[in-house]
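S.K.: Need a 3D model of the following:
(2 chains)
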Number of protein chains: 2
Amino acid sequence: MAEQFVTLQKSLKKLLDEKKYQTLKDVLGTMNGADIAAVFEDLDEERTPLLFRLLPKELAAETFAELSPEIQEQLITGFSDKELRELVSELYVDDAADLVEEMPANVVKRILAQADPQMRSEINQILRYPENSAGSIMTTEYVSLRPQMTIAEAIQRIRRTGVDKETIYTCYVTVERKLLGTVSVKDMLLAPNENIPVSEIMDEHVISVNTMTDQEEVAQMLSKYNFLALPVVDTDGRMVGIVTFDDAMDVLVEETTEDIEKMAGMLPSEKTYLRSTPWDLFKHRIPWLMLLMVSATFTGMIITGFESKLAAQVVLTAFIPMLMDTGGNSGSQASVTVIRALSLGELELRDLPKVVWKEIQTAVLCGVALAALCFAKIMLFDRLLLGNTDITALTAFVVCATMAVTVLVAKVVGCTLPMVAKKLGFDPAVMASPFITTIVDALSLLVYFGIASALLFK
Amino acid sequence: MAEQFVTLQKSLKKLLDEKKYQTLKDVLGTMNGADIAAVFEDLDEERTPLLFRLLPKELAAETFAELSPEIQEQLITGFSDKELRELVSELYVDDAADLVEEMPANVVKRILAQADPQMRSEINQILRYPENSAGSIMTTEYVSLRPQMTIAEAIQRIRRTGVDKETIYTCYVTVERKLLGTVSVKDMLLAPNENIPVSEIMDEHVISVNTMTDQEEVAQMLSKYNFLALPVVDTDGRMVGIVTFDDAMDVLVEETTEDIEKMAGMLPSEKTYLRSTPWDLFKHRIPWLMLLMVSATFTGMIITGFESKLAAQVVLTAFIPMLMDTGGNSGSQASVTVIRALSLGELELRDLPKVVWKEIQTAVLCGVALAALCFAKIMLFDRLLLGNTDITALTAFVVCATMAVTVLVAKVVGCTLPMVAKKLGFDPAVMASPFITTIVDALSLLVYFGIASALLFK
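M.R.: Residues are numbered from 1 along each chain as shown, chains lettered A, B, ... in the order given. Sure, this is the predicted structure:
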């Protein structure tokens, strides 16, 4: 797949070098916008406009919508006003709004100047909604029908206006923009009689979202109900647009990537990895690294506090990494599971007691199993095989007891913090491995030295 | 949203208690299969069949497909053969195949006995493909057209056969099951003339997948091209089914959850968190916890090797957690970023040198910044403020030099291991935080004691 793509890319570049424009036109005509966009991303700057001008109008708009902002800007800068007007008129309104959002002010001015008045006002409408809201990702191009229209008339209307709509397959029955019901092209085609009004076959139990609904919730609803599109209504209950399944898929992927980045202690980034410079990566990674490094001061202070005792029992030091790591891993398992379940909507805040109880039971099982294995490992491997006679059965017991308690603490902290974060209005994803690890490190050392003080140091 | 749902659930249960079946029927009729299924998941066992029988046939099938295997089995066990036959005939073939896959053998036997011969053979066909392949998630119910059919004839055919198809909006033009092209209902409706053959308006540049293509790749293709469905062809190039966007969305969510679970050191689970018992959670979590605990033995051995020197310079011990955590966090950031980019198809194996170079540059930036901050922190906070005079500028330098080197090592290991894993045919997601942390722990201690030996111990 990927190999074939590289070959294709090479031959397109060669055709461009040899100025075989007709052949290029023919080949590009067989391709999909997403694939052509991928070719553009790898092309040198001066050849991009040349190749772009070879695309037929509709395919050009499709390709353009898939390009990265950098290349979009390059292209627009090279366009004449007439070229820009043609492109903008072919773009779907939601893609045009995305474009306006990404471009610098002077480019935006040119784009809006070339858009026809209706499109300009629709773009402005979409831009008014806050980022990540349903309003900001919707498109205003949908098919609306009146309830008294017959199916035949509805199909006529689709024929007349459908070419510019992002989907024609779900139509929205409205009166004065109040949404009364939805009717699918499937229902219209399969209806026994073309002369009945659409109000008779429409589905009145419409599931809709508000302009301010979070885009992630919209995407999850589309996925849950298997809809092609969801209608978006404003606070007065008037229909203003639709969100289509393809945008919902993009949202799902983006939001999950963001969650994963946060879970690994990074600020989320909108650029793909290969297009991020080391400086970009640095800026997104250093804040959490610094914060976590500084918080490790507490762990250091705990060790310093026990320094004199540790000096007498240096053998205890060797087990610190194992205890901290096992604690950190146990805590991450719990926190990551809970974070994912929260973001998929499988868990609600009111489930907290259930979650904590489940984690306690799991922690007891894990703790006992780990402590038993650990005891065997220390006595057989560290003491017998490596001959480290500083290790007594009592030392091993102290380590294993710490292990069991640490796992319990880690699981409880790990499952609680994400839910508390959500309750307080923070993003639960931040409460993942790095954060939990830092807390659990300190706690596990306190448990360790506490148990050791009680049993080993007189 | 969720609150409203709980209220709805309560009133449905109340109506059931009061035996107000007609009202229940009316209310359920306004609801969506996914929502009704959610109500069922919370209902006690004896009332489930009662409520299910109130659903109209089509909605019953829709609801059934969304239920968990446990409740599906309960229901089927309570069904008469006639009821089962009615249900199976309403299910889409891919949902029926999923059902057969989940049920125990005796239930499967009953289901297949009640399916009509054609459906039985189609279910068996889907079940023949390996798990997670395109063949296993496809449906065999699609609209196929002949090339010489006119648009009017094609629409007639959709009217006649469309009711059972999962999507009618993309139709497939075939001759002897060889796929010649696709034609959308939109193109047919918008065509200027109903009497031209579909071969004239069909898109011949069909993107298809093979029955054996991995489901994740299929989902990503659907998302990339914004298609409603992708055709699936067998090794002889004959069309056997389609994968629709709604199944692709489910695959995207499932596969990502699996990746996230693996990245947190857990075996992937198919059950949701709330439906997993502590024993389930234990089984999925303990293997990695044990493995990582045992691998921490190396870290312990490194410390033991330096025990005598540590006893002389106990102050060094206090910085071990900070160095290990910062190394672990740096490594996870790199590995998680690379794992996500690999699974989104943004990175290929041939990008490895580019990736390593980018991570080295990022690591230098992060390392220098962290070392500088760390030096300031140690000298000002630990030494001056806390008055720990055991800490000299040289000690601080040793710690900070270790920090910088560790970050570099961690980033390189973190970005390399996932790509190597992929190259060797393993899942890159396993090479995330817990695994990387364990390796980086050992490496950071070696660096620490190496630098300390050179500068501090004569």
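S.K.: which residues of the stretch 101-250 of chain A fall in helices?
M.R.: Counting by DSSP state H, counting those that start in this stretch, one finds helices in the stretch 101-250 of chain A at the ranges A:105-114, A:117-127, A:134-137, A:151-161, A:185-190, A:198-201, A:215-225, A:245-263.
S.K.: So which of these is the most surrounded?
M.R.: Most buried of the helices of the stretch 101-250 of chain A, by mean neighbour count (mean count of other CB atoms under 10 Å in any protein chain shown): helix A:134-137, with a mean of 24. (Each C-beta comes from the backbone N, C-alpha and C, glycine too.)
S.K.: which other residues reach that helix?
M.R.: Helix A:134-137 is contacted from outside by A:94, A:97, A:126-130, A:209-215, A:218, A:230, A:232, A:240-241, A:243, A:247, A:251, using CB atoms under 8 Å, 6 or more residues apart in numbering or on different chains.
S.K.: tell me what the helix or strand residue A:37 falls within is packed against?
M.R.: According to DSSP states H and E, residue A:37 maps onto helix A:33-41. Other helices and strands packing on helix A:33-41, by 3 or more CB pairs under 8 Å, 6 or more residues apart in numbering or on different chains; DSSP states H and E, are helix A:2-17, helix A:48-53, helix A:57-66.
S.K.: contacting residues for the most centrally placed residue in chain A?
M.R.: Compute the mean C-alpha point of chain A, and by CA atoms, centre = their mean the closest residue is residue A:255, 1.6 Å away. Residue A:255 makes contact with A:215, A:216, A:219, A:343, according to CB under 8 Å, 6+ apart.
S.K.: Spell out which residues of the stretch 51-200 of chain A are next to chain B.
M.R.: Contact residues (CB under 8 Å from any CB of the partner chain) of the stretch 51-200 of chain A with chain B: A:155, A:158, A:159, A:162, A:163, A:168, A:169, A:185, A:186, A:189, A:190.
S.K.: and these, which two are the farthest apart?
M.R.: Spatial extent of those (CB to CB) is set by the pair A:163 and A:190 at 23.3 Å.
S.K.: List the contacts of whichever residue of the stretch 1-150 of chain A sits closest to chain B.
M.R.: Closest residue of the stretch 1-150 of chain A to chain B, CB to the nearest CB: residue A:30 (4.5 Å). Residues near residue A:30 by CB under 8 Å, 6+ apart: residue B:205.
S.K.: on that earlier part again, which of the contacts of helix A:134-137 count as buried?
M.R.: In the contacts of helix A:134-137, burial by neighbour count holds for A:94, A:97, A:126, A:129, A:209-211, A:213-215, A:218, A:230, A:232, A:240-241, A:243, A:247, A:251, counting by 16 or more other CB atoms under 10 Å in any protein chain shown.
S.K.: Break chain A down into its structural domains.
M.R.: Per the record, chain A has its domains at A:2-132, A:137-262, A:278-455, by automatic domain parsing.
S.K.: now, of those domains, which is deepest in the fold?
M.R.: Of all those, domain A:278-455 has the most neighbours on average by mean count of other CB under 10 Å, namely a mean of 21.
S.K.: and that domain, how far apart are its ends?
M.R.: End-to-end distance of domain A:278-455 (CA to CA, to the nearest Å): 50 Å.
S.K.: mean confidence for that domain?
M.R.: Averaged across domain A:278-455, the pLDDT comes to 87.
S.K.: right, so of the helices and strands packed on helix A:33-41, which gets closest to residue A:414?
M.R.: helix A:2-17 (37.7 Å).
S.K.: Quick one: residues in contact with the closest one.
M.R.: The contact list for helix A:2-17, computed with CB under 8 Å, 6+ apart, reads A:23-24, A:27-28, A:35, A:38-39, A:42-43, A:47, A:50-51, B:345, B:348.
S.K.: And stretch A:375-383, by the same measure?
M.R.: Here stretch A:375-383 makes contact (CB under 8 Å, 6+ apart) with A:388-389, A:391, A:393, A:395-397, A:399-400, B:293-294, B:297, B:300.
S.K.: among the residues you listed, which two are most distant?
M.R.: Spanning the widest gap among these are A:389 and B:293, at 22.8 Å by CB to CB.
S.K.: Show me the strands in chain A, by range?
M.R.: With DSSP state E as the criterion, chain A has strands at A:142-145, A:167-175, A:178-184, A:209-210, A:229-233, A:239-244.
S.K.: Pull out the CA atoms of the fifth one and give them to me as PDB.
M.R.: What that stands for is strand A:229-233. This file holds the C-alpha atoms of strand A:229-233, laid out as PDB (Å, rounded to 0.1, in the frame of the first residue of the first chain):
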ATOM      1  CA  ALA A 229     -25.600  13.300   9.900                       C
ATOM      2  CA  LEU A 230     -26.900  15.000  13.000                       C
ATOM      3  CA  PRO A 231     -29.000  18.300  12.900                       C
ATOM      4  CA  VAL A 232     -27.700  21.200  14.900                       C
ATOM      5  CA  VAL A 233     -30.200  23.600  16.400                       C
END
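S.K.: Next step: the contacts of stretch A:375-383 restricted to helices.
M.R.: A:393, A:395, A:396, A:397, A:399, A:400, B:293, B:294, B:297, B:300 (DSSP state H).
S.K.: Can you tell me what sits against stretch A:220-232?
M.R.: Applying CB under 8 Å, 6+ apart, the external contacts of stretch A:220-232 come out as A:134-135, A:138, A:142, A:166-167, A:169-170, A:172, A:179, A:182, A:206-211, A:213, A:218, A:239-245, A:248, A:252, A:344-345, B:32, B:34, B:228, B:246, B:249-250, B:253.
S.K.: whoops, I mixed them up, stretch A:269-276
M.R.: A:68, A:70, A:261, A:280, A:284, B:337-338, B:340-341, B:346-347, B:351, B:354-355, B:358.
S.K.: try 6 Å this time
M.R.: For stretch A:269-276, the external contacting residues (CB atoms under 6 Å, 6 or more residues apart in numbering or on different chains) are A:284, B:337, B:341, B:346.
S.K.: buried stuff in it?
M.R.: For stretch A:269-276, the neighbour count (16+ other CB under 10 Å) marks A:269, A:273, A:276 as buried.
S.K.: Next, find the distance separating the first one from residue A:428.
M.R.: With distances taken as CB to CB, to the nearest Å, residue A:269 is found 19 Å from residue A:428.
S.K.: same check, this time on the last one
M.R.: In this structure, residue A:276 and residue A:428 are separated by 25 Å, where distance is defined by CB to CB.
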